[in-house]
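Peer 1: structure for this input, please:
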Amino acid sequence: MLKQLYLQNFRNYKQLEFTPDAEYLILSGHNGTGKSNLLESIYYLSTGYSFRQARDDNLVRFGSGHFIIRGIVSRAGIDYKIEVNYRQDQRRKTTKINDKRALPGDCSNHLPVVVFSPQDLILVKGSPAGRRRFLDLVVAQVRPQHNSDLHYYNSVLYQRNKQLRSLKVSSVDLLPWDQQLASLGSRIWKRRNLVLSELLSLSAGVFNSLSRGRILEGEYLSQIKGIKPEDNQEQYQNLFKESLKKSLSIDQRVKATTVGPHRDDFRLYLNGRETRIYASQGEQRLVALALKIGQYRLLTEVQSLEPILLLDDVFSELDEKHRLFVLEGMKQGSQVIATTTSSFKEGFAQIRRLTPEIFVVYPKNF
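Peer 2: Residues are numbered from 1 along each chain as shown. Next up, the predicted model:
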């Protein structure tokens with residue numbers, strides 16, 4: 001649960017202190033007033049990146065050169081202070097938990113979040129990178145070690161690619177990096193497969209309810225040829241090292257590592273047909289919604305976590321039936337912060353002003 005939030009030079013906020021003092025809050029205001037920016041800051045504090053695909057430099061308030069996001073969160077009755085500080089001149093991000101250095105994204109287990117936004121369509125029709133990032137977030141939320149393995153995998157990958165940019169590099173030169181990539185990659189691959197299987201199982205049930213019985217399925221797509229989901233990590237390591245040997249000439253030509261978990265993807269099917277190609281935009285939106293509700297249920301029902309739900313003007317995209325389905329499925333004690341451009345009368349809810357343009361609304365009936 002988020003108890004306090006402080007922003008400095010983040011997006012349009014020079015300085016803001018926000019205390020979410022109820023389980024369900026609505027941020028009301030016109031477009032362009034900064035409602036989504038506030039949700040974005042909470043998501044960034046948890047994950048280390050923006051759900052709107054924005055670069056860190058674009059999150060810095062114009063003319064300031066840095067931003068700070070700081071929060072007090074409570075988990076299992078214990079308070080944690082989380083802070084992210086980004087300096088634009090150095091392009092350097094510093095993350096701290098209780099004043100101790102941490103990796104970006106390490107906060108996802110202390111402050112688990114699930115965001116629903118118009119950007120969710122990228123899970124279906126966007127690039128593999130967007131789907132990998134989503135899957136890795138879900139995995140890190142339930143398996144905290146995953147974030148550390150990803151960090152070190154990317155560090156090793158960077159070093160191997162640096163070697164490939166050399167004029168002369170042999171398989172012997174790359175052997176230490178290949179061994180580390182295979183070891184770290186096997187753990188990343190196995191966790192992704194297990195969590196994706198759980199996520200798809202939950203999401204399929206949700207989609208079945210949302211779409212009157214249609215079937216949602218999916219599969220993990222690995223760059224490592226011959227690997228099967230039921231294989232163990234040792235089999236994966238051996239196949240990964242073999243794939244690195246076979247792709248060496250291509251890697252030398254493009255000066256980058258072309259196989260591995262950093263190139264993987266997952267594919268979704270609606271009644272046996274690939275959703276990215278054959279589903280309508282309305283169907284794609286429901287698939288993305290089902291994935292997010294599946295993520296929420298994985299965290300709450302399987303992992304017994306209480307994620308913060310960030311609803312970024314998503315109800316404008318849904319009809320009344322689906323709106324009620326989402327709301328009814330989330331009355332389980334989670335903290336909910338939503339945004340809307342709708343205005344509210346005093347008789348409907350208690351209202352207070354957060355900024356000159358944004359009001360905090362406390363609905364009476366939720």
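Peer 1: per-residue pLDDT, Met364?
Peer 2: Small correction: residue 364 is Lys, not Met. pLDDT recorded at Lys364 is 68.
Peer 1: residue ranges with poor pLDDT in the chain?
Peer 2: 315-318, 320, 323-324, 327-333, 345-348, 364-366 (pLDDT under 70).
Peer 1: tell me the domain ranges of it?
Peer 2: Listed domain ranges for the chain are 1-112+307-366, 118-305 (source: automatic domain parsing).
Peer 1: dump those to JSON lines, plus mean neighbour count.
Peer 2: For every residue, glycine as well, the C-beta is placed using N, CA and C. Shown next, in JSON lines, are the domains of the chain (neighbours: other Cβ atoms under 10 Å):
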{"stretch": "domain 1-112+307-366", "mean neighbour count": "17"}
{"stretch": "domain 118-305", "mean neighbour count": "18"}
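Peer 1: and the helices in the stretch 251-366 of the chain?
Peer 2: Ranges of helices in the stretch 251-366 of the chain, per DSSP state H, counting those that start in this stretch, are 275-278, 281-297, 320-328.
Peer 1: and the gap between the closest residue to Arg61 other than its chain neighbours and Arg212?
Peer 2: Nearest residue to Arg61, sequence neighbours excluded (Cβ to Cβ, 6 or more residues apart in numbering): Asn9, at 4.0 Å. Taking Cβ to Cβ, to the nearest Å as the measure, Asn9 falls 48 Å from Arg212.
Peer 1: and Arg87, by the same measure?
Peer 2: Taken as Cβ to Cβ, the span from Arg87 to Arg212 is 51 Å.
Peer 1: and if you look at Ser127?
Peer 2: Distance from Ser127 to Arg212, counting by Cβ to Cβ: 30 Å.
Peer 1: and Phe266, by the same measure?
Peer 2: Separation of Phe266 from Arg212 (Cβ to Cβ) stands at 25 Å.
Peer 1: do Ala140 as well
Peer 2: For Ala140 relative to Arg212 (Cβ to Cβ), the value is 34 Å.
Peer 1: cool, and Tyr49?
Peer 2: 36 Å.
Peer 1: next: Ser64.
Peer 2: For Ser64, the distance to Arg212 - Cβ to Cβ - is 50 Å.
Peer 1: could you list the paired strands of the host helix or strand of Ile82 along with their orientation?
Peer 2: With elements taken from DSSP states H and E, the one containing Ile82 is strand 78-87. Strand pairing for strand 78-87, using DSSP bridges, gives strand 66-75 (antiparallel), strand 92-97 (antiparallel).
Peer 1: so can I have TSV of those strands showing distance to Thr19?
Peer 2: Converted to TSV, the strands paired with strand 78-87 look like this (distance: least, Cβ to Cβ, whole Å):
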stretch	distance to Thr19
strand 66-75	9
strand 92-97	20
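Peer 1: which among those strands is found nearest to His110?
Peer 2: Nearest to His110, of all these, is strand 66-75, at 5.6 Å by Cβ to Cβ.
Peer 1: which residues sit against the closest one?
Peer 2: 1-10, 41-42, 44-45, 59-61, 79-88, 110-111, 306 (Cβ atoms under 8 Å, 6 or more residues apart in numbering).
Peer 1: repeat that for 7 Å
Peer 2: By Cβ atoms under 7 Å, 6 or more residues apart in numbering, the surrounding residues in contact with strand 66-75 are 1-10, 41, 44-45, 59-61, 79-88, 110-111.
Peer 1: so where's the longest helix in this protein?
Peer 2: The residue-count maximum for a helix in the chain (DSSP state H) belongs to helix 171-210.
Peer 1: got the angle for that one vs helix 281-297?
Peer 2: 100 degrees (axes from the mean of the first three to the mean of the last three Cα atoms, to 10 degrees).
Peer 1: tell me the contacts of the nearest residue to Ser222 once chain neighbours are set aside?
Peer 2: Take Ser222 and drop its neighbours on the chain: the residue closest to it by Cβ to Cβ, 6+ apart is Asp264, 5.5 Å away. By Cβ under 7 Å, 6+ apart, the residues touching Asp264 are 132, 220-223.
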